[in-house]
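Student: Have a look; sequence and predicted model below, questions after that.
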Amino acid sequence: MNATTANTDPCRYVFRPREALLGAQMLFVAFGALVLVPLLTGLDSNVAFFTAGVGTLIFQVVTRGKVPIFLASSFAFIAPIMYGTKTWGVPLTMGALIFSGLLYVALSTLIRFRGTNIILRLLPPIVTGPVIMVIGLVLAPVAVKMALGLSGDGSQQLMPRATALTLSMSALLTTVAVSLLGRGLLRLIPILCGIGVGLLAAVGLGVGNWEAVRAAPWFAVPGFVMPQFAWEPLLFIIPVTVAPAIEHFGDIIAISSVTGKDFLR
């Protein structure tokens, strides 16, 4: 489902197959982050899925469905969460992340009364652009290791290198080819096409434990952890919250530039 901004009623939702397909691609793009962050930090993936879904629904209600964006895990939190869980444990780290959420509430309140101009003055595109680039480039080594069949930290060989390269390169080359040579709707979903080709290649090579997929429960309660609070992790998380805030504003600006609509306003 996607919101229509052309209608006079901003809260009215209509189903459009084209937008639904684009939304599916955005979901699969975010799916990588939602899986990767818990895997690297040792947290529960189901909690990441659940909170991302709830957070996105709340965001769409608050913005009246005007901003086509999906909220997922931020790569900027990976290193701090890994350090926090090793130093203070999961409950205190979760408490620090809740505190970072309260900081975002305070930031949104400031914007509510001062307007978005204060953000554009403090975080112009020349600042948000490099920050987003750095966040992505920091994880480039992880992507290379996974493309070679290694675990995210490079400690384990999960599948033969030749098989891993066949799968990763088929998905990558398909994505690039569709982006450059595709026409019409096909050109708008290059990542979805790459995922599809990679999946077909995996089936053809007999890669993947499909029995585990069939045996998995359709519905399960996420493994929530009761948060705890202490001053040291709270103070540690304060400077970390700046990067994801910049990343979020950068995403809004990027979507605005692509669609030609000022979603930040």
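Tutor: In hand now; what should we look at? Numbering: from 1, shown residues only.
Student: all contacts plus neighbour counts: C-alpha atoms, from now on.
Tutor: Will do.
Student: In a helix, residue 120, correct?
Tutor: Yes - assessed with DSSP: H, G, I helix; E, B strand; the rest coil, residue 120 lies in a helix.
Student: what residues are up against it?
Tutor: Under the criterion of Cα atoms under 8 Å, 6 or more residues apart in numbering, residue 120 has no neighbours.
Student: Then residue 50?
Tutor: Residue 50 neighbours (Cα under 8 Å, 6+ apart): residue 222.
Student: just how off-centre is stretch 251-265 within its chain?
Tutor: In terms of Cα atoms, centre = their mean, to the nearest Å, the gap separating the centre of stretch 251-265 from the centre of its chain is 18 Å.
Student: mind saving the C-alpha coords of it as PDB?
Tutor: C-alpha atoms of stretch 251-265 as PDB (Å, rounded to 0.1, in the frame of the first residue of the first chain):
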ATOM      1  CA  ASP A 251      17.400   9.800   3.000                       C
ATOM      2  CA  ILE A 252      14.500  12.300   3.000                       C
ATOM      3  CA  ILE A 253      16.500  14.800   0.800                       C
ATOM      4  CA  ALA A 254      17.500  12.000  -1.600                       C
ATOM      5  CA  ILE A 255      13.900  10.800  -2.000                       C
ATOM      6  CA  SER A 256      12.900  14.400  -2.600                       C
ATOM      7  CA  SER A 257      15.500  14.900  -5.300                       C
ATOM      8  CA  VAL A 258      14.400  11.700  -7.100                       C
ATOM      9  CA  THR A 259      10.700  12.400  -7.000                       C
ATOM     10  CA  GLY A 260      10.800  16.200  -7.400                       C
ATOM     11  CA  LYS A 261       8.800  16.700  -4.200                       C
ATOM     12  CA  ASP A 262      10.000  18.400  -1.000                       C
ATOM     13  CA  PHE A 263       9.300  15.700   1.600                       C
ATOM     14  CA  LEU A 264      11.500  17.400   4.200                       C
ATOM     15  CA  ARG A 265       9.000  20.300   4.200                       C
END
